[in-house]
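Chemist: what's the 3D shape of this:
(2 chains)
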Amino acid sequence: AQTVTQSQPEMSVQEAETVTLSCTYDTSENNYYLFWYKQPPSRQMILVIRQEAYKQQNATENRFSVNFQKAAKSFSLKISDSQLGDTAMYFCAFMKRRETSGSRLTFGEGTQLTVNP
Amino acid sequence: DSGVTQTPKHLITATGQRVTLRCSPRSGDLSVYWYQQSLDQGLQFLIQYYNGEERAKGNILERFSAQQFPDLHSELNLSSLELGDSALYFCASSVAIRGNQETQYFGPGTRLLVL
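Modeler: This next block holds a predicted model:
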């Protein structure tokens, strides 16, 4: 079974600064995805970024980038130029891609990020 | 807007009752997933359907059941409700490419309150 661990329950950052959220995972799979989802106060689950395990290049989406260290099973999220709208709970998630055994998301406990003006 | 729709948005009911939550996946997605988010259990996978067939089961109680219909919408049925079933229930959907499931996109959720 896969496990995902987010060791920072809460973090805060000043507007326009950079913050990094940590995530580690444990799996014996080779074909998988890693995701960061955000959940703002509206409680909607919004995809932030995804990383395919077979790709060595770190994924980037505008101000969001990841540091994917496959051997260390580490997957951190960096948010640059933080904005007030980035205030949310951030979940790291793992998903096997093999269809035959199902493709559930396994989530970490979440990190509550607050961006201060 | 993810393209996944869920109804109702809110549901208030009493213990012992039965409710049905409905989900319509994104156009073209054959897989539907149900998740429960509660304060004490976090986000937990309940069940996955793929093109009408159950594909994977997680921590779903026997009082809960689900199905996916030929038009690919899915329903989650919760019966003999208990206070502890109060939670936010999410549906997600994904497309499969060459046997691999792709990114899951979430609906807005149904907030269930059992009194």
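Chemist: what residue lies at the spatial centre of the chain?
Modeler: Answering for chain A, as no chain was given. For chain A, A:Trp36 is the residue whose C-alpha lies nearest the centre (Cα atoms, centre = their mean; 2.9 Å).
Chemist: Switch to chain B, please.
Modeler: Closest-to-mean residue, chain B, Cα atoms, centre = their mean: B:Trp34 / 2.9 Å.
Chemist: In contact with the residue nearest to the centre of chain A, which residues are there?
Modeler: The neighbourhood of A:Trp36, defined by Cβ atoms under 8 Å, 6 or more residues apart in numbering or on different chains, consists of A:21, A:23, A:47-50, A:64, A:66, A:77, A:90-93. Where C-beta positions appear, they are placed from N, C-alpha and C, glycine not excepted.
Chemist: Ok, A:Phe107 next?
Modeler: A:Val4, A:Tyr37, A:Phe91, A:Cys92, A:Ala93, B:Gly42, B:Leu43.
Chemist: For it, which non-adjacent residue is spatially closest?
Modeler: B:Leu43 (4.2 Å; Cβ to Cβ, 6 or more residues apart in numbering or on different chains).
Chemist: host element of the one you found?
Modeler: strand B:42-50 (DSSP states H and E).
Chemist: hmm, who's touching that strand?
Modeler: By Cβ under 8 Å, 6+ apart, the list of residues contacting strand B:42-50 reads A:91, A:99, A:102-107, A:109-110, B:30-38, B:54-60, B:64, B:66-68, B:74, B:76, B:90, B:96.
Chemist: Mind giving me the PyMOL select for those residues, buried ones only?
Modeler: The buried residues among the contacts of strand B:42-50 can be selected in PyMOL (16 or more other Cβ atoms under 10 Å in any protein chain shown) with this line:
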select buried, (chain A and resi 91+99+102+103+104+105+106+107+110) or (chain B and resi 30+31+32+33+34+35+36+37+55+56+58+60+64+66+68+74+76+90+96)
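Chemist: I am finished for the moment; much appreciated.
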